[in-house]
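**Q** model this:
(2 chains, ligands or ions: 2)
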2 protein chains.
Amino acid sequence: MSLARSIKLTPPQLLTSIFGGGIIIGALLLMLPFSTTEPISWIDALFTSTSAMTVTGLAVVDTGTRFTVFGQTIIMLLIQVGGLGIMSFAVLIFIMLGKKIGFKERMMVQHALNQTNIGGVILLVKRLFIFSFVIELIALIFLAIRWVPEFGWEKGLFFSLFHSISAFNNAGFGLLSDSLVQYAGDPLINITISLLFIIGGIGFTVLADLWEKKSYKKLSLHSKLMIIGTFIINTVAMLFIFFLEYGNAKTLGSLSLGDKMWTSYFQAVSTRTAGFNSIDIANLTDSTAFLMIILMFIGAGSASTGGGIKLTTFIVITFAVLSFIRGREDIVLLKRRLSTVYVVKALAISMIAIMFVFFATFAINISEPNTPFLKLMFEVVSAFGTVGLSMGVTPELSYVGRVIIIFIMFLGKIGPLTLAFSLAKPKREKIRYPNEDVLIG
Amino acid sequence: MSLARSIKLTPPQLLTSIFGGGIIIGALLLMLPFSTTEPISWIDALFTSTSAMTVTGLAVVDTGTRFTVFGQTIIMLLIQVGGLGIMSFAVLIFIMLGKKIGFKERMMVQHALNQTNIGGVILLVKRLFIFSFVIELIALIFLAIRWVPEFGWEKGLFFSLFHSISAFNNAGFGLLSDSLVQYAGDPLINITISLLFIIGGIGFTVLADLWEKKSYKKLSLHSKLMIIGTFIINTVAMLFIFFLEYGNAKTLGSLSLGDKMWTSYFQAVSTRTAGFNSIDIANLTDSTAFLMIILMFIGAGSASTGGGIKLTTFIVITFAVLSFIRGREDIVLLKRRLSTVYVVKALAISMIAIMFVFFATFAINISEPNTPFLKLMFEVVSAFGTVGLSMGVTPELSYVGRVIIIFIMFLGKIGPLTLAFSLAKPKREKIRYPNEDVLIG
Ligand SMILES: [K+]
Ligand SMILES: [K+]
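**A** Ligands and ions are numbered 1, 2, ... in the order given. Below you'll find the model as predicted:
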């Protein structure tokens, strides 16, 4: 906060500048001759850099073959900086909100993070960094058990490090051209990778809350909702993917029952934001693809490495909608009442996101007239939720299409935080106009 | 209202019962041997009756050839009853709201309708009926100028009457199998039909307001927004359709410049709810189809024969979103400030509608696995907005698909009014839980 103040930028401006700067530096580094096995265009370098820094994972060129180990290391570092950067920023902004706004919000931030002074912030961010590195190291060891015997020490360790960082930061970048399809039934890879992105995606506030309280009962409403919500949405997604793809010969159809279940589990937990796939995304049925669009739009937890409108936002609007339909005044979640101001914010964020996604889908359908609508919508929402799953359209995009997706990835990552900040304390107009209403619905 | 009270039904229950009853009676009449040229299944009779009573216009069988003049007359009467019924009910509900709820809302209803006592209601509904019949009669004469010379007295007059009623009630049913494609460049047909559904779709409250005030300046905010909003959205839609379809050989491509312009105008104004088409909808580009999905979702005016979330709802959420993004507290429209409660209602109605449409789209994609996603989504939104435009999917739907569309048409027509009613005075819970908030976005 003191940093933000000393160079006279608002936190959202600072966040945008750092991210924009990081992306440009990354793109320049990826343009270096020893970054690639074969030169790439500047738009593809910018695309890859944006995709890495925003931890999206959409790729216009194959990460495993088109980049050298040096280039892949750049991508890995961009992912680490982007992922931790966003998490730290989210933590900083939430703490700042706790200082600047009302008692109720301050209580909430304190409740979730238990930190409101600058010393506490530094400690918290330090803890975030240490925690991330420890988790990534442990995962590295587990992944190495599979990949060192398969690829030898050097390549095996690099593979394990790359995938560990990519998974914890929910980046979805992989070095194998089929993501993780060839490990669809491998429990070690499935469990390690999925635990990484689930931990990274649930949000640091939840992890800090768990660490402090060490008891489910004492957790904040936010943490409880995230834990229950993650469990429910993952289970529902898994069942739908299993049954909708059961008979699809191009996806689950040819697998054994056990592999079908592993794949459904992995794809269900990966879709909301991680972006790894162990199923052929381009050949999904339309219903599964549309279900995934919804999941990607919802996304992961607040103050996490994931994107989307966030799971708690989705839970709040769902319960709000149920209350409205039943004609109830209060919105009650786990015996706690939500204040109207939070419901309005959740509805506003969702509506802004929907309008943005629709506008972008419309634009990209104009720029890519020959690509099926559903595949383009899938790619747009994947970029917006910084997911990185692809129905195979991204590498075929026109120049304008690439620019649109770069723009969506950037806004998908920076937008929600910036919006949360400006929604926190709205300006009152100098001139207040008289009130008059209109008919609705 | 006294009727609603004497038989102990809430107005939404009464509305649902009358509509449900009317649809069933209509379906039975359409099953009569002399209603059809060739017998139809009971699901198709129910589909047609629902489509007519909800003034949607989606058709599983060709209205012009499969039904006899008797069957077509049944459909025409269902349209008239459904259209006027919904308008009268909307007027009644808004007046009741004016009696039951706060001063602010009462002022608004008074402002828009200038009537709050029972005598006034009866007068108002009488005026609505007389007004509708006069408009339909005038249009009948204009249409007869084209169709009597073409089809002779008997068929020409019946055609004119049917299309006049169908257009004023925004039903979109036609007796020609290509809707109005063969009259794409005919000014008489274009102007008469489009004026009919524009007047029917702007909402009776606006017409009553215009009739009372006779001056733009004195109009209510609602009426002003509807007039300006209708003009802007129609112009934008027209330009997009013109440019997006200009080079499409299967739609506008082969027409002269004048016909291109007439067709763009007509399709732009017809799409939000009327449902007539003078362009081949099945061959639109994906971008135009998606634009039309948005237009159909937005719909026409409150207390009109049209459907959708309503134009004013869309205007309110758009301005709300702009205010949120700019970090402003007030939502200002034409120098009037909207109360938060209206903004919440607009956001809630839109979100409920989006969730409903998404859920229905998901369901119908499961029931129709071999139909392209965009075409199914188009059909779902067309049913939800009681528009009736079709990309050709409806006649090919499976049994389950037909049931889904029937259900959507019914809810699309009854839902918004019912929701408006239950949102008007939410119940307070007996137990109020303590307040706690969650992180959003
Ligand atoms: K990702
Ligand atoms: K219609």
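**Q** contact residues of the stretch 151-300 of chain A facing ligand 1?
**A** Neighbours of ligand 1 within the stretch 151-300 of chain A, by Cβ under 5 Å from the ion: A:170, A:172, A:275. Glycine gets a C-beta too; all of them are placed from N, C-alpha and C.
**Q** below-threshold pLDDT in chain A: ranges please.
**A** Low-confidence segments of chain A, defined by pLDDT under 70: A:1-11, A:89-122, A:420-441.
**Q** which residue is nearest the centroid of it?
**A** Centroid check for chain A by Cα atoms, centre = their mean gives A:Gly306 as the closest residue, at 2.3 Å.
**Q** would you say that residue is within a strand?
**A** No - read with DSSP: H, G, I helix; E, B strand; the rest coil, A:Gly306 is coil and lies in no strand.
**Q** excluding chain neighbours, what is closest to it?
**A** Spatial nearest neighbour of A:Gly306, excluding adjacent residues (Cβ to Cβ, 6 or more residues apart in numbering or on different chains): A:Ala300 at 2.5 Å.
**Q** who's in contact with whatever residue of the stretch 251-400 of chain A ends up closest to ligand 1?
**A** Nearest residue of the stretch 251-400 of chain A to ligand 1 (Cβ to the ion) works out as A:Gly275 at 3.4 Å. The neighbours of A:Gly275, taking Cβ atoms under 8 Å, 6 or more residues apart in numbering or on different chains as the test, are A:56-57, A:170-172, A:382, A:386-389.
**Q** if you skip the residues just before and after it, what's nearest to it?
**A** Leaving aside its sequence neighbours, A:Gly275 sits nearest to A:Gly172 (Cβ to Cβ, 6+ apart; 2.5 Å).
**Q** what's the separation between that neighbour and A:Ala383?
**A** When distance is defined by Cβ to Cβ, to the nearest Å, A:Gly172 is 12 Å away from A:Ala383.
**Q** residue contacts, the residue nearest to A:Gly275?
**A** By Cβ under 8 Å, 6+ apart, the contact set of A:Gly172 is A:55-57, A:166, A:179, A:270, A:274-276, A:387-389.
**Q** go on, A:Phe173?
**A** The contact partners of A:Phe173, by Cβ under 8 Å, 6+ apart, come to A:51-52, A:57, A:59, A:63, A:75, A:79, A:162, A:166, A:388.
**Q** element containing it?
**A** For A:Phe173, there is no enclosing helix or strand under DSSP states H and E.
**Q** now it: phi and psi?
**A** Reported as degrees, to the nearest 10, the phi and psi values for A:Phe173 are phi -70, psi 140.
**Q** ok, it to B:Asp186 distance?
**A** For A:Phe173, the distance to B:Asp186 equals 58 Å [Cβ to Cβ].
**Q** A:Gly308 now?
**A** 49 Å.
**Q** quick one, which of these two is more surrounded?
**A** Using other Cβ atoms under 10 Å in any protein chain shown, the more surrounded residue of A:Gly308 and B:Asp186 is A:Gly308, with 27 against 17.
**Q** what is the end-to-end distance of stretch A:380-389?
**A** Terminal residues of stretch A:380-389 are spaced 10 Å apart (Cα to Cα, to the nearest Å).
**Q** does ligand 1 sit close to it?
**A** Yes - interface with ligand 1: stretch A:380-389 contributes A:387-388 (Cβ under 5 Å from the ion).
**Q** again, but for stretch A:48-63
**A** Yes - for stretch A:48-63 and ligand 1, the contact criterion (Cβ under 5 Å from the ion) is met by A:Gly57.
**Q** report the buried residues of that stretch.
**A** Residues A:48-61, A:63 are the ones in stretch A:48-63 that count as buried (16 or more other Cβ atoms under 10 Å in any protein chain shown).
**Q** ok, those vs A:Val341, which is closest?
**A** A:Thr54 (29.2 Å; Cβ to Cβ).
**Q** so who does that closest one touch?
**A** Neighbours of A:Thr54 in contact, by Cβ under 8 Å, 6+ apart: A:19, A:82, A:307, A:386, A:409-410, A:412-413.
**Q** max pairwise distance over the residues you listed: which two?
**A** Pairwise distances across these peak at 13.4 Å for A:Phe19 and A:Gly307 (criterion: Cβ to Cβ).
**Q** neighbour count for these two, which is higher?
**A** Neighbours around A:Phe19 and A:Gly307, counted as other Cβ under 10 Å, are more numerous at A:Gly307. The numbers are 32 against 21.
**Q** residues of stretch A:27-34 that come out buried?
**A** A:27, A:29-31.
**Q** picking that back up, ok, the buried residues of stretch A:48-63 vs ligand 1, which is closest?
**A** Lowest distance from ligand 1 to the buried residues of stretch A:48-63 (Cβ to the ion) belongs to A:Gly57, with 4.2 Å.
**Q** help me confirm that the closest one is found in a helix?
**A** No - under three-state DSSP, A:Gly57 falls outside any helix and is assigned coil.
**Q** hang on, it packs against A:Gly388?
**A** Yes - with contact defined as Cβ atoms under 8 Å, A:Gly57 reaches A:Gly388; the gap is 2.4 Å.
**Q** between the two, which contacts overlap?
**A** Taking Cβ under 8 Å, 6+ apart as the criterion, A:Gly57 and A:Gly388 both touch A:51, A:171-173, A:275.
**Q** tell me where the stretch 201-350 of chain A has helices.
**A** Here the stretch 201-350 of chain A has its helices, by DSSP state H, counting those that start in this stretch, at A:204-213, A:221-245, A:257-271, A:286-298, A:311-325, A:340-367.
**Q** relative to ligand 2, which of the ones you listed is closest?
**A** helix A:340-367 (22.4 Å).
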